[in-house]
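Participant: build the 3D model from these lines:
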Amino acid sequence: MFKRLVLPLAAILLLAFLGVELFRVGPPPEIMITPALPAIGRRTPVEISLSEPKRGLSLVRVEWLQGDRIELLAERSYETPPAFAFWNRGTSTDTLQIEVGRDTIQGLRAQHLVIRVTAGRTGTWLRRPVPVVENLAVPVRLHPPSLQVMSTLTYAAQGGCEAVVYRVGDTAVRDGVRAGDWWFPGYPLPGGTGRERFALFALPYDQNSPQPRLTAEDDARNEAESAIIDRFFPRSPRTDIIELSDSFLNKVVPEIMAQTPDLADQGTLLDNYLAINGDLRRRQDEELKALAGKSRPEFLWHRPFLMMPNAKVMAGFAERRTYKYQGRVVDQQVHLGYDQAAVRRAPVPAANDGLVVLARYFGIYGNTVILDHGCGLMTVYGHLSTISVAEGGTIARGQVLGQTGETGLAGGDHLHFAVLLHGLPVTPVEWWDGHWIRDRIARKLGGAWQFQY
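Facilitator: Numbering: from 1, shown residues only. Take a look at the predicted model:
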């Protein structure tokens, strides 16, 4: 009886084994082709991702096709386990990194290129599944966008601003001025055609021989550049020595620490002050850069900027300050605004029309208001005793924003006024000067922007 049961069972198992060996294959491999850029340029990275989770991959071949040319870019084969080895799925996933572009392919033409990926899966003695083929067509850009400077007489001073008007080609996706590590994006020229642009840019206060370049880039990161400065005026920095007293430290440090709960206690009053004057200052600089990225892409103003009336200038722009405590140098920083003092709790007017993008306690600046005037241009009003506007509000030139005070790192009642262009502090003097705005900006932009002077 037992033998009669064993033989049929063995036959069934044998048939099952043969069925597995002859017919067990996995699903078609999944293929993803992901270029790093929307177009192929000089050397564009492309990622190839493969997946077959049941029995694994057997091969992959990556080719490029253009016209009648077909050439191999990469090829791999994989060890394939036997069908009965359920515990071994072979290579179920793989990723290939390749580079495609005019630096890697001779004779590449400025037309679509097809990336073809062929992926095979593990078969059996009887079944040899047809490989899966995936194609991706990507445009090829071999030349940068055209770039033509339209404005002239670009005279710029260290720490100051300028404007350039230009025309870019149809393939440009990003344009503006690069000055050192700073980027100043372009905007549509008011009243111009779709390809006519302008950029407000600045020459960093801490670079005395910058070479700003007008730049246009396409979606393959091909880049055209042009020099734009006709005359450059360096500036000699002013210096000042600040004597730190215990009474001053006891006044400013506890307040800022209380208002900045994520600032770690350094253990001593002086160390906390140095962390505020250094680490917190740098962190706030980054916040100002991030805030500039939200600037409205249009001019919100059309008249010269206002100074605080009847105010005396106590400190100027880009002063290099040396801080001493008990006779020894403990820190060095650059003062990047104008300190103006009139009477205690003097009303602080908005320098120009704009939008309130910040109205709160802001670290070293204490109670602060920041206005966006559009196209990356912002003004900062610091050390206020009171704030009379709210974030998101529309502000008219001359409208009172609050009152002067001595919050933050202030030794006495005054206004810290600063001008920022895309987060970079620049001298306010130019923006107070209607002649300068007319000559350096308004005349270049033309009659579509109605500057009133």
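Participant: rest of the way, CA atoms for contacts and neighbours
Facilitator: Noted.
Participant: can you give me the strands in the stretch 51-200 of the chain?
Facilitator: Applying DSSP state E, counting those that start in this stretch to the stretch 51-200 of the chain gives strands spanning 57-66, 69-77, 93-100, 113-121, 132-138, 147-149, 155-157, 161-168, 172-179, 182-185, 187-188, 196-202.
Participant: the ones you listed: lowest mean pLDDT?
Facilitator: Ranked on mean pLDDT, the bottom entry among these is strand 155-157, at a mean of 91.
Participant: how far is it from where the chain is centred?
Facilitator: 25 Å (C-alpha atoms, centre = their mean, to the nearest Å).
Participant: least trustworthy helix or strand in this structure by mean pLDDT?
Facilitator: Ranking every helix and strand in the chain by mean pLDDT, DSSP states H and E puts helix 2-23 at the bottom, with a mean of 50.
Participant: shouldn't residue 218 be in contact with residue 173?
Facilitator: Yes - using C-alpha atoms under 8 Å, residue 218 is in contact with residue 173, at 5.1 Å.
Participant: of the two, who's got more company?
Facilitator: The neighbour count for residue 218 versus residue 173, taken as other C-alpha atoms under 10 Å, is higher for residue 218 (23 against 14).
Participant: now that one: how far from residue 168?
Facilitator: Counting by C-alpha to C-alpha, to the nearest Å, the gap from residue 218 to residue 168 is 10 Å.
Participant: equivalent analysis for residue 184, please.
Facilitator: Distance of residue 184 to residue 168, given as C-alpha to C-alpha: 16 Å.
Participant: and the strands of the stretch 51-200 of the chain: which comes nearest residue 321?
Facilitator: strand 155-157 (21.3 Å; C-alpha to C-alpha).
Participant: can you list the strands that that closest one pairs with?
Facilitator: Within its sheet, and counting by DSSP bridges, strand 155-157 is paired with strand 231-233 (parallel).
Participant: what residues sit buried inside the partner strand?
Facilitator: residue 232 (16 or more other C-alpha atoms under 10 Å).
Participant: what comes into contact with that strand?
Facilitator: Defining contact as C-alpha atoms under 8 Å, 6 or more residues apart in numbering, one finds that strand 231-233 is touched by 154, 155, 156, 157, 158.
Participant: now these in CSV, with neighbour count and distance to residue 439?
Facilitator: Output for the contacts of strand 231-233, formatted as CSV (neighbours: other C-alpha atoms under 10 Å; distance: C-alpha to C-alpha, whole Å):
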residue, neighbour count, distance to residue 439
154, 17, 10
155, 16, 10
156, 21, 12
157, 18, 14
158, 22, 18
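Participant: pick out whichever of these sits closest to residue 54.
Facilitator: residue 158 (64.8 Å).
Participant: look up how far residue 412 lies from residue 214.
Facilitator: Separation of residue 214 from residue 412 (C-alpha to C-alpha): 43 Å.
Participant: tell me which of those two has more neighbours.
Facilitator: Shown here are residue 214 and residue 412; by other C-alpha under 10 Å, residue 214 has more neighbours (27 against 14).
Participant: and stretch 312-329, end to end?
Facilitator: Across stretch 312-329, the terminal residues are separated by 28 Å (C-alpha to C-alpha).
Participant: and that stretch, how far out from the chain middle?
Facilitator: Stretch 312-329 sits 32 Å away from the centroid of its parent chain (C-alpha atoms, centre = their mean).
Participant: repeat for stretch 194-212
Facilitator: The answer for stretch 194-212 is 16 Å, by C-alpha atoms, centre = their mean.
Participant: check stretch 147-167 too.
Facilitator: The answer for stretch 147-167 is 22 Å, by C-alpha atoms, centre = their mean.
Participant: touching it from outside, list them.
Facilitator: By C-alpha under 8 Å, 6+ apart, the surrounding residues in contact with stretch 147-167 are 168-169, 189, 195-208, 215-216, 224-226, 228-235, 318, 425-427, 430, 440-441, 444-445.
Participant: now the buried members of those residues.
Facilitator: 168-169, 189, 196-205, 208, 215-216, 224-225, 228-229, 232, 234, 318, 425-427, 430, 440-441, 444-445.
Participant: surely residue 79 is in contact with residue 58?
Facilitator: Yes - counting by C-alpha under 8 Å, residue 79 does reach residue 58; the two are 6.8 Å apart.
Participant: neighbour-wise, which of those two wins?
Facilitator: Higher neighbour count among residue 79 and residue 58: residue 58, with 22 against 12, using other C-alpha under 10 Å.
Participant: from memory that one sits against residue 77, does it?
Facilitator: Yes - the pair residue 58 / residue 77 is scored as a contact, 5.8 Å apart, by C-alpha under 8 Å.
Participant: could you pull out the helices in the stretch 351-453 of the chain for me?
Facilitator: With helices called from DSSP state H, counting those that start in this stretch, the stretch 351-453 of the chain shows them at 429-432, 434-437, 443-445.
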